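*Asks:* quick one: sequence plus predicted model below, questions after.
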Amino acid sequence: MIQTRDLVHRFGDHRALDGVSLSIPDGEFVLVVGPNGSGKTTLVRHFNGLLAPDEGAVVVDDTPVAEDPVAARTSVGMVFQHARDQLVASTVGGDVAFGPENLGLAREEIDRRVAESLDAVGMTGREDERVDELSGGEQSRVAIAGALAMEPNHLVLDEPFAGLDQRARRSVLDRLDALHAEGTSVVVVTHDLRDLFERAERVVAMADGRVVGDGTPDDVADDLAGLGVDVPC
């Protein structure tokens, strides 16, 4: 489970998160939505210690993130909105293998994870290509594969479909469906609800650093419309 307790985060005088308390149970498929500047990305970056709260606490699988950020980053896989920010190796295969290698896994297990993760995003056989020569959409797919290779308990994706063509989008959606079916928590930060609204068990709506709606997609549809978020028919 991921829990935030009275979470406050400030950027200078701006209160980006204003007392957010939220619990995401194991295995839940959650969308975090809201207008730009509502605090969505700031919130999820606390889930694995990429940001530290000014007030409040974050707990992942019963362990406070502040006490053991390594455990949080192992348990919570994160895909950034701008993929280039998280690519760390020169080649596709090296980048996807980076996380599993740091877990000290056997080479055979690392190779399995890399192969399955690249297959999930439609990049099988491209291990030796340089990441700096890929398109933005291809870099996004590598970033997603890198997170999948960690086989986390919770997978958090920030605008994961930006720059993906329809085929790649479908491949990633299929993988998210499989992970969810296997019990992995899936949290997607998005403004584009296509293909996601019907998959979600829960939608968390944010505005001005606060949670302003939290429930099933049907429960919060009116709240989303009020925030200017387009709800699929």
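*Replies:* Sure, I can see it.

*Asks:* rest of the way, CA atoms for contacts and neighbours
*Replies:* Will do.

*Asks:* using PDB, write out every CA atom in the helix ranked longest in the chain.
*Replies:* Secondary structure of the chain per DSSP state H: the longest helix is helix 166-181. Below are the C-alpha coordinates for helix 166-181, written out as PDB (Å, rounded to 0.1, in the frame of the first residue of the first chain):
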ATOM      1  CA  GLN A 166      -1.300   3.900 -31.500                       C
ATOM      2  CA  ARG A 167       0.500   0.600 -31.900                       C
ATOM      3  CA  ALA A 168       2.900   1.400 -29.000                       C
ATOM      4  CA  ARG A 169       0.100   2.800 -26.900                       C
ATOM      5  CA  ARG A 170      -1.900  -0.400 -27.300                       C
ATOM      6  CA  SER A 171       1.200  -2.500 -26.400                       C
ATOM      7  CA  VAL A 172       1.700  -0.500 -23.200                       C
ATOM      8  CA  LEU A 173      -2.000  -0.700 -22.300                       C
ATOM      9  CA  ASP A 174      -1.900  -4.500 -22.800                       C
ATOM     10  CA  ARG A 175       1.100  -4.700 -20.400                       C
ATOM     11  CA  LEU A 176      -0.600  -2.500 -17.800                       C
ATOM     12  CA  ASP A 177      -3.700  -4.800 -18.000                       C
ATOM     13  CA  ALA A 178      -1.500  -7.900 -17.400                       C
ATOM     14  CA  LEU A 179       0.300  -6.300 -14.500                       C
ATOM     15  CA  HIS A 180      -2.900  -5.200 -12.900                       C
ATOM     16  CA  ALA A 181      -4.300  -8.700 -13.300                       C
END
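
*Asks:* for the following helix or strand past that helix, give me every contacting residue.
*Replies:* Following helix 166-181 in sequence order, the next helix or strand is strand 185-189 (DSSP states H and E). Outside strand 185-189, the residues that touch it by Cα atoms under 8 Å, 6 or more residues apart in numbering are 24-33, 40-41, 153-160, 176, 179-180.

*Asks:* what does stretch 79-98 give?
*Replies:* Contacts of stretch 79-98 (Cα under 8 Å, 6+ apart): 110-111, 113-114, 117, 126-132, 136, 139-140, 142-147, 149, 156-160, 162.

*Asks:* again, only this time at 6 Å
*Replies:* Contact with stretch 79-98 is made by 114, 127-131, 139-140, 143-144, 146, 157-159, as judged by Cα atoms under 6 Å, 6 or more residues apart in numbering.

*Asks:* closest one to residue 200 out of the residues you listed, please.
*Replies:* The closest of the contacts of stretch 79-98 to residue 200 turns out to be residue 157 (Cα to Cα; 13.7 Å).
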